[in-house]
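In: compute the structure for the input listed below.
(one chain, ligands or ions: 2)
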Amino acid sequence: MTDLTTTLPAVPVPALVPGSSVRPRPTGPRGPADAVWSARARPDAADGEVTVAGLRLSDLAERFGTPLYVLDEGEFRDRCRAYRRALPQAHVAYAGKAFLSRAVAAWVREEGLHLDVCSLGELEVAAAAGFPAERMILHGNAKTPDELRAALRFGVGRIVLDNVAEVARLAALVPAHDRQAVLIRVIPGVEAGAHKAIRTGTADQKFGLSIEHGAAEDAIARVLDQPRLELVGLHCHLGSQITSVRPFLAALPRMAALAARVRDRHGVVLPELDLGGGHGIAYRSGEHALDPAEFADDVMRHLVRAYAAVGLPGPQLIVEPGRALIGPAGVAVYRVLVVKRTGDRTFVAVDGGMNDNPRPALYGARPELRLIGRAGARTTRTVTVVGRFCEAGDILAPDVELPDDVRPGDLLAAPAAGAYQMAMASTYNMVGRPPVVAVRDGRARVIVRRETTADLLARDVPLGD
Ligand SMILES: Cc1ncc(COP(=O)(O)O)c(C=O)c1O
Ligand SMILES: N[C@@H](CCCC[NH3+])C(=O)O
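Out: Numbering: from 1, shown residues only. Ligands and ions are numbered 1, 2, ... in the order given. This next block holds a predicted model:
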């Protein structure tokens with residue numbers, strides 16, 4: 001296991017010397033990639049209103065109810081295009097776990113991306129949207145036999161093997177005279193990611209096979225022994241919400257060295273390298289995102305160099321961003337139900353919370369919440385915005401500056417809400433999940449409807465049955 005802080009040279013932070021031209025890097029956004037609101041959002045109106053794709057969020061809240069998730073289709077498509085433009089030689093696969101529905105799968109299909117799926121459910125949603133199976137990549141640290149069978153039946157393009165047991169299990173399911181293209185997920189020993197729970201580049205977690213301990217090479221030998229499996233490449237995924245390109249660059253020579261050992265030991269040149277996803281976004285004003293163009297420039301340069309250094313041609317690159325494509329396209333809208341003072345704090349309780357956004361409770365994430373729909377008082381106070389669920393830890397943000405006169409009935413909106421919120425939503429306390437409304441060119445359409453109590457009761461077996 002390698003701690004990046006010890007293996008990579010520290011980036012010197014220039015001191016602010018009076019009268020000198022050396023300035024620390026600005027803490028504000030550097031460009032569009034750092035924006036927390038989508039490019040089609042107008043968040044700065046004097047009346048406090050925010051519009052997205054020409055629609056007022058308060059009108060959408062009125063029409064569809066709250067809590068509400070608004071998804072800016074144009075922003076999502078723009079981001080898909082930006083990635084394809086930045087990486088014309090690579091395959092860009094949208095990681096559906098960030099949020100998937102039939103509409104989203106159709107946008108991904110139309111934009112010509114590949115799709116990373118990690119369950120039978122994701123596979124079937126994508127298939128229902130007409131997504132071509134050969135552009136799908138199946139992941140999972142513990143794929144069920146049903147998932148493996150379905151992947152073969154649908155004709156999924158790539159299956160990423162995560163453990164040795166899967167090698168024989170999958171090979172046994174592939175029909176005679178057929179071959180399934182697979183990659184092997186390895187642990188490169190590079191630590192990256194915004195929180196321990198989402199770091200997957202080092203050995204002390206459940207995903208992948210360690211390079212360091214020989215597990216990866218053992219699995220590779222076993223795959224090469226299976227005539228019904230075709231090993232086309234290596235895969236690694238370092239973690240999530242990574243805002244610097246450095247960890248990706250650190251992984252490249254390690255992946256190249258492993259590819260070279262495969263060539264030396266087995267005489268096989270692996271044509272593909274999947275570097276996973278993990279590209280970070282700005283959740284709050286002033287935070288930095290991983291810029292796709294910068295990522296592309298640096299990674300392509302270092303990739304060719306790392307492979308050339310071991311005498312291999314540059315492989316076909318695959319990347320799998322999820323959050324970076326859908327995160328900034330989403331906005332969560334809540335209605336304030338209660339404002340109360342307890343102890344030293346003012347609590348502002350909204351009609352959503354940890355059920356639709358478990359990220360604050362899981363990773364200490366802090367969404368940027370703001371009053372919308374009216375201007376609000378000029379003076380502000382620091383409040384704690386909490387949800388409505390039966391957990392003291394159901395805190396969306398512990399310290400938000402809101403206008404002094406915030407009151408029940410007000411609307412709060414959080415940008416950058418498109419990834420890993422609705423996708424991870426639950427029905428705790430028997431509260432149905434919010435709808436997702438896609439907006440484009442002044443028009444709104446429900447792409448996932450609100451979950452009703454009738455939906456919840458539909459799964460609950462009536463008494464006497
Ligand atoms: C294998 C794999 N690829 C891609 C992703 C997408 O990650 P992100 O949404 O951080 O880009 C994940 C999740 O972290 C993953 O496990
Ligand atoms: N759910 C995590 C990301 C996990 C990515 C899954 N591989 C988050 O919200 O940050």
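
In: now stretch 241-260: buried residues?
Out: Along stretch 241-260, these residues count as buried under the neighbour rule (16 or more other Cβ atoms under 10 Å): 241-245, 247-256, 258-260. Placement of C-beta: from N, CA and C, glycine included.

In: what's the answer for stretch 294-304, then?
Out: 295-296, 298-300, 302-304.

In: would a markdown table of these with secondary structure be doable?
Out: Below are these laid out as a markdown table (DSSP: H, G, I helix; E, B strand; the rest coil):
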| residue | secondary structure |
| --- | --- |
| F295 | helix |
| A296 | helix |
| D298 | helix |
| V299 | helix |
| M300 | helix |
| H302 | helix |
| L303 | helix |
| V304 | helix |
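
In: list the contacts for the closest residue to ligand 2 within the stretch 101-250 of the chain?
Out: Of the residues in the stretch 101-250 of the chain, the one nearest ligand 2 is S240, at a distance of 4.1 Å by Cβ to the nearest ligand atom. Counting by Cβ atoms under 8 Å, 6 or more residues apart in numbering, S240 makes contact with 193-194, 198, 200, 277-278, 280, 323.

In: distance of it relative to F154?
Out: S240 is 26 Å from F154, where distance means Cβ to Cβ, to the nearest Å.

In: likewise for A308?
Out: From A308 over to F154 the distance is 37 Å, taken as Cβ to Cβ.

In: can you pull out the low-pLDDT segments for the stretch 301-450 of the chain?
Out: Within the stretch 301-450 of the chain, no stretch falls below the threshold (pLDDT under 70).

In: around ligand 1, pick out the residues from it.
Out: For the stretch 301-450 of the chain, the residues found near ligand 1 under the criterion Cβ under 6 Å from any ligand atom are 320-324.

In: can you rerun that using 5 Å?
Out: For the stretch 301-450 of the chain, the residues in contact with ligand 1 (Cβ under 5 Å from any ligand atom) are 320-323.

In: just the ones of those residues in helices?
Out: R323 (DSSP state H).

In: quick one: the residues of the stretch 301-450 of the chain next to ligand 1 as TSV, columns for neighbour count too.
Out: Listed next are those as TSV, based on neighbours: other Cβ atoms under 10 Å:
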residue	neighbour count
E320	27
P321	29
G322	25
R323	27
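
In: for the residue in the chain positioned nearest to ligand 2, what are its contacts?
Out: Distance from ligand 2 to each residue of the chain (Cβ to the nearest ligand atom) is smallest for Y420, at 3.1 Å. Shown in contact with Y420 (Cβ under 8 Å, 6+ apart): 97-99, 322-323, 327, 359.

In: would you mind giving those residues as JSON lines with distance to D460 and secondary structure added?
Out: As requested, those are exported to JSON lines (distance: Cβ to Cβ, whole Å; DSSP: H, G, I helix; E, B strand; the rest coil):
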{"residue": "K97", "distance to D460": "27", "secondary structure": "helix"}
{"residue": "A98", "distance to D460": "30", "secondary structure": "helix"}
{"residue": "F99", "distance to D460": "26", "secondary structure": "coil"}
{"residue": "G322", "distance to D460": "32", "secondary structure": "coil"}
{"residue": "R323", "distance to D460": "34", "secondary structure": "helix"}
{"residue": "G327", "distance to D460": "33", "secondary structure": "helix"}
{"residue": "R359", "distance to D460": "28", "secondary structure": "helix"}
